[in-house]
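Chemist: Got a sequence here, can you model it:
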Amino acid sequence: MRRLSLLSLAVPLSLVGCTKTEVIITEIAYPDMLLSQSSVEFGTAQWGETVERTVTLTQNGISKDGLGMTMGVQSVEIVQGTGTSFSVSYDLAEMVCPERAATEDTAATTTATAKEVDVDTGSTDTGTTGTDTANTGTTTPDGTVPEGLLFTMEYGCSIPLHIRYSPNEVGDIWAGLVVSTAAATLPEDAEEDALPEYQKDPEHSRQVVFLHGQADHASGTLVVRPRTYDFGYVNADDPEEHYAYIELQNVGDGDVTINSVALSDSCDAAFRLDTAPASGTVISPDQTGLVAVEFDPDDTNGSYCELFITSDDAANPEVDVILLGNSGDDASNSAPTAAIRAPDNGYRYSTIRDLTLEVNIFDVDQPAPTLGCKIKSAVLQVANLVTCEAPDDSGHFWVTIPREDLDDGVDTLVLTVTDANGQTTNASVSVLIDTDYPADDDDGDGYGPASDPADCDDANGMSYPYAAEVFDGADNDCDGIVDEGTEGYDDDGDGLSEIDGDCNDFNETALPGAPERGDGVDNDCDGLVDEGTTLYDDDGDGYAEVNGDCDDGDPLVNPAATEVCDGVDNDCDTLVDRADGCVETDSDPEIVGEIRATDANACLEGETVTVEVKAIDQDGDPLTYLWSSDAGDDATRFDNPTSPVTHWVCPELDENSGGKAFSLNANVFDDDGGSDYGFVKIAVYPSDFEELHEPFEKVEYVESEGCSTSGSTPSALLVVGGALAASLIRRRRS
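Modeler: Okay, the predicted model is just below:
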């Protein structure tokens, strides 16, 4: 029976001595927590952008008499899966309350009583919690906030909760705003009908607001290839044009704007920037730009240049490209060949006519006319007697030396041929100029053991002073060293010669088994240059470390790769998995926030509550649901136990039970066998527990002097009145 049917009027009771007593009943509403929204959409935000929305929290518990209890707010927090894209804050200075005069009625909010049930919330909140930046609420006499309480709200008050969305992952992002209320604990010596100084919402003690946003991380990533370009050895007279083409590729998901493309001031004049994107050029995702640099040398001297490319790519705002020409050690380059066909060694030259030499020069890497060619005398202290040049690609021609440029006596004429790589080859011939053979010259090369300089091997016509060294195991030039400068001699001192496998006998860091360096040289002589270094694409995905490959041992990891949810930074942008909008290959379902009791998380026996679970699956698998509870009879108690939203019939309680909390459990499954689990607590009260839906009734007895017009009060009426007053108190205590 409802109390108001018995207590709708003030009842006058006449007592002995003409004293009149009135019973006054005042309704005081329990707290009613009201959130302005059940879900909040934030739209799409860019990485690093902040979007703010406001959810208003109101204490709406006001009775028809205009009174309500104080509500205690225990927590305001964000519950989310991974990441911290959402946060919530509030400022108590922004709380707005209606103006009201202090009366005995308002004081009654701290003397009423309420029945409580011990509910284990089973909270597993791990999200970012709210921050009250100016907590000015006062809930205790000394002005402090009780432990375990954030603030209190009088009836009619409201406060904005500021939710900020700053995405730090890409794609759909979900979370839940959870607000819970609490009641103060009564002291042990409190009167039976005392009320805590703040109370919780008996029907909606914990509420959830779903939060949803989308995020893009639209940033461009510029990859420049190649980072080093060697034009090789280019002759100044080569009519062909020589270009380096540098590719600018945007492998990100946002635009890249090119700020500048320029050669450094220290570049050799042989380099010229031919074509390049203009400043402000935008390269869209998966598009490329092209830079062309021409190399046109005037000589065979080594040339060096740096190309600088700047853009708005935050990770690579400036990229440099090294350009080389006519420099370094070209391991693939072959030395030229040279031969003096006529005359033979020991030729007697005794005429006033010029001396003519028949020569052959050749190089497999460049035309004979581009080879450097000169002839010098071993006797005369001049740089060279004559500079020669092949008239055609055959390399076969005659060189004439004026007679007046030669001195009488024995001389060695040396032909030196040099290619663009700087490698040289020598050939020689000994000539007797207006003189006879020495008496001790047994091999006819014009030098004998007693000559000055002396012949070191008078039995070998190929060995004589200043002769060209050839690989024959003999000291051809009589300098005490055998085969130097030939393929059989270790010219760079690394312990191996060309015939021993040294692929570059001019570089001591290049030999079989040597560690490979990032120097443009085949250091280990395996036919590969710079493998295993930052300059080489070791995994064959088209990118080396110098081009932004963060794992050159995995072909699935490079700046152009797709980010998948595997714990690896696949696209080398320093962001991993969901922070980079990864593609799920086999993800588990994830419950968003908490399971929500949409109408109430407390009920009476036989009533129905609605509960909802929201879940997502990153790889798009369809989801199935299964509800259960510890009350049993799930097949009949849930109207649809396989739906994300279902209705649950509150069970009957044991006799004399003051209330019990039940767990409603939600299991979510996907097709891959993944699952997630959550629960919500529902407090169930006896069917006669009126405080759940009805306001508290304050009962007061007011006595006044005076007698009724009918004379003294009959004793029977006195008995009835006393019994009625006693019943009021007992009803409250029940």
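Chemist: residues in contact with V256?
Modeler: Residues in contact with V256 (C-beta atoms under 8 Å, 6 or more residues apart in numbering) are 220-222, 250, 282-283, 311-313. Using the backbone N, CA and C atoms, a C-beta is placed for each residue, glycine as well.
Chemist: and these, which of them are in helices?
Modeler: Judged by DSSP state H, helices contain none of the contacts of V256.
Chemist: Same list, these, but as JSON lines with distance to N235 please.
Modeler: Putting those into JSON lines (distance: C-beta to C-beta, whole Å) gives the following:
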{"residue": "G220", "distance to N235": "41"}
{"residue": "T221", "distance to N235": "40"}
{"residue": "L222", "distance to N235": "35"}
{"residue": "N250", "distance to N235": "38"}
{"residue": "V282", "distance to N235": "40"}
{"residue": "I283", "distance to N235": "36"}
{"residue": "S311", "distance to N235": "36"}
{"residue": "D312", "distance to N235": "41"}
{"residue": "D313", "distance to N235": "39"}
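Chemist: got any ranges where the stretch 501-650 of the chain has weak pLDDT?
Modeler: Counting by pLDDT under 70, the stretch 501-650 of the chain contains no low-confidence segment.
Chemist: switch the cut-off to 80
Modeler: Residue ranges of the stretch 501-650 of the chain with pLDDT under 80: 520, 584-586, 618-620.
Chemist: for Q207, what are its contacts?
Modeler: 33, 35, 178-180, 596.
Chemist: So which of the contacts of V256 belong to strands?
Modeler: 222, 250, 282-283, 311 (DSSP state E).
Chemist: circling back: between the contacts of Q207, which is closest to H647?
Modeler: R596 (13.4 Å; C-beta to C-beta).
Chemist: can you pull up the bridge partners for the closest one?
Modeler: E612 (DSSP bridges).
Chemist: picking up where we left off before, kindly write the ChimeraX command that selects the buried subset of the ones in strands among the contacts of V256.
Modeler: Per 16 or more other C-beta atoms under 10 Å, the buried members of the ones in strands among the contacts of V256 correspond to this ChimeraX selection:
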select :222,250,283,311
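Chemist: ok, which pair from the ones in strands among the contacts of V256 is furthest apart?
Modeler: That would be L222 and V282, which, of the ones in strands among the contacts of V256, are the farthest apart (C-beta to C-beta) at 11.6 Å.
Chemist: neighbouring contacts of stretch 499-517?
Modeler: 329, 331, 423, 487-498, 519, 521-526, 528, 530-533.
Chemist: Low-confidence stretches in the stretch 301-450 of the chain?
Modeler: 327-333, 381-383, 420-422.
Chemist: CA atoms of the helix or strand hosting V79 as PDB?
Modeler: Element membership for V79, per DSSP states H and E: strand 71-80. Output of strand 71-80 as PDB, limited to C-alpha atoms (Å, rounded to 0.1, in the frame of the first residue of the first chain):
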ATOM      1  CA  MET A  71      23.600  13.700  -4.600                       C
ATOM      2  CA  GLY A  72      27.200  12.400  -4.200                       C
ATOM      3  CA  VAL A  73      29.200  12.000  -7.300                       C
ATOM      4  CA  GLN A  74      31.800   9.300  -6.900                       C
ATOM      5  CA  SER A  75      33.500   9.200 -10.300                       C
ATOM      6  CA  VAL A  76      33.600  10.900 -13.700                       C
ATOM      7  CA  GLU A  77      35.800   8.900 -16.000                       C
ATOM      8  CA  ILE A  78      36.600   7.700 -19.500                       C
ATOM      9  CA  VAL A  79      36.600   4.000 -20.100                       C
ATOM     10  CA  GLN A  80      38.200   3.100 -23.400                       C
END
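Chemist: ok so, going back, quick check, nearest of the contacts of V256 to C550?
Modeler: Of these, the one sitting nearest to C550 (C-beta to C-beta) turns out to be T221, at 11.6 Å.
Chemist: Could you report the distance from the closest one to E545?
Modeler: 15 Å (C-beta to C-beta, to the nearest Å).
Chemist: higher neighbour count, the two?
Modeler: Remark: of T221 and E545, T221 carries more neighbours, 23 against 18, as counted by other C-beta atoms under 10 Å.
Chemist: Show the contacting residues for that one.
Modeler: Contacts of T221 (C-beta under 8 Å, 6+ apart): 250-252, 256, 313, 315-316, 548, 559, 571, 573.
Chemist: What of P589?
Modeler: Contacts of P589 by C-beta under 8 Å, 6+ apart are 615-617, 621, 623, 668-670, 674-676.
Chemist: What subset of the contacts of stretch 499-517 is buried?
Modeler: So, of those, 329, 331, 423, 488-492, 494, 496-498, 519, 521-525, 530-533 end up buried under the neighbour-count rule (16+ other C-beta under 10 Å).
Chemist: Can you list which of those residues are found in helices?
Modeler: Among these, no member falls in helices (DSSP H).
Chemist: Return the residues in contact with the closest residue to V529 other than its chain neighbours.
Modeler: Closest residue to V529 apart from its sequence neighbours, by C-beta to C-beta, 6 or more residues apart in numbering: D522 at 4.9 Å. Counting by C-beta under 8 Å, 6+ apart, D522 touches 331, 503-504, 510, 516, 528-529.
Chemist: who wins for most neighbours among the residues you listed?
Modeler: Neighbour max across the contacts of D522 (other C-beta under 10 Å) = A510, 24 neighbours.
Chemist: do you know how far it is from R517?
Modeler: 9 Å.
Chemist: cool, F638 as well?
Modeler: Applying C-beta to C-beta to F638 and R517 gives a distance of 71 Å.
Chemist: Of these two, which one has the most company?
Modeler: Neighbour tally, F638 and R517, criterion other C-beta under 10 Å: the higher count belongs to F638, 20 against 15.
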